[in-house]
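Enquirer: take this sequence and fold it.
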Amino acid sequence: MTTTVPAAAPMPGARVTQSRVLASEWVKFRSLRSSYIALAAALVAMIGFAVLVTTVLVNRWPHATPQEKAHFNATDSSLSGFFLAQLIIGVLGVLVISGEYGTGMIRASLSAAPRRLPVLWAKLAVFAGITFVVTVVGSFAAFFSGQAVLSSQYLQTTLAGPGVLRAVIGTALYLTVVGLLGVALGWILRHTAGAIATLFGLLLVLPALVSALPDSWSSKIDPYLPSTAGQAVTAAVPDPADLAPWTGFAVFAGYLVVAVVVAAVLLRRRDA
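Expert: Residues are numbered from 1 along each chain as shown. Next up, the predicted model:
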């Protein structure tokens, strides 16, 4: 059952502007303890996995096979924590909106901004800005932490290496889009469990299902899946079977655009 909430009467001299809605969403985001916990957990995952993975590699390096050494990549090993971080950031993106639907606060937000879409744009902008800043710091911290460990076996690389800087920044971009996709799904489904399940299904389950198809099919479908396309920009050495790094990221961003358009249409048509 849905309830239509009449728009709140504006205060004399007050006008609803995008900048004011943006400021309101910023206050709401930074007032939630869960925001700090999730972002801190993402940072710990990125840096912690960088140290863990590179430490294991350094300890095994003297006994590694020639094939293992040939496939070793110093950048990718330092950024491997993004796999866990994407789950944390994605869940936070969903909670940014589904939490308001769960508590009923969304009614107050949409009553204060009757045109509704400014609230959507503000949530996306605030979340994108904060997430990118945090994850780009995490990416660089993970990279330098991993290289410090790898230097004991002289396996380290630098930001000047081919594709390295692009991979480090691309990891932050990928995580930001994952979070925004979570926000969009939160608007579309308005249910925490459903939105999280859908997000994880797109990022984790769908690639597994496609891999079960015959190679002649999966090789043509897999590069265009959301996670595969998006993660192309996080690899210092692109996989020839995948799309080019920025092409893949553009495809991934295209999925986000579609989700945001659907969210905007439903937001305008449905009751709060």
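
Enquirer: what mean pLDDT does stretch 139-154 have?
Expert: For stretch 139-154, mean pLDDT rounds to 95.

Enquirer: which of the residues in that stretch are buried?
Expert: Buried residues in stretch 139-154, counted by 16 or more other C-beta atoms under 10 Å: 139, 140, 142, 143, 145, 146, 147, 149, 150. Where C-beta positions appear, they are placed from N, C-alpha and C, glycine not excepted.

Enquirer: run a quick neighbour tally on residue 136.
Expert: Residue 136 is flanked by 17 other residues according to other C-beta atoms under 10 Å.

Enquirer: what about it, helix or strand, and which?
Expert: helix 117-150 (DSSP states H and E).

Enquirer: how far does that helix sit from the chain's center?
Expert: 9 Å (C-alpha atoms, centre = their mean, to the nearest Å).

Enquirer: remind me what that helix packs against, helices and strands.
Expert: Using 3 or more C-beta pairs under 8 Å, 6 or more residues apart in numbering; DSSP states H and E as the contact criterion, the elements in contact with helix 117-150 are helix 18-30, helix 33-60, helix 74-78, helix 82-103, helix 164-189, helix 245-269.

Enquirer: neighbouring contacts of the last one?
Expert: When contacts are taken as C-beta atoms under 8 Å, 6 or more residues apart in numbering, the neighbours of helix 245-269 outside the stretch itself are 116-117, 120, 124, 163, 166, 170, 173-174, 177, 180-181, 184-185, 187-188, 202, 223-224, 226, 228-233, 235, 238, 242-243.

Enquirer: host element of residue 106?
Expert: For residue 106, the host element (DSSP H and E) is helix 105-112.

Enquirer: tell me which residues of that helix are tucked away?
Expert: Residues 106, 107, 109, 110, 112 are the ones in helix 105-112 that count as buried (16+ other C-beta under 10 Å).

Enquirer: with respect to residue 206, which of the helices and strands packed on helix 117-150 lies nearest?
Expert: For residue 206, the closest of the helices and strands packed on helix 117-150 is helix 245-269, at 11.2 Å, according to C-beta to C-beta.
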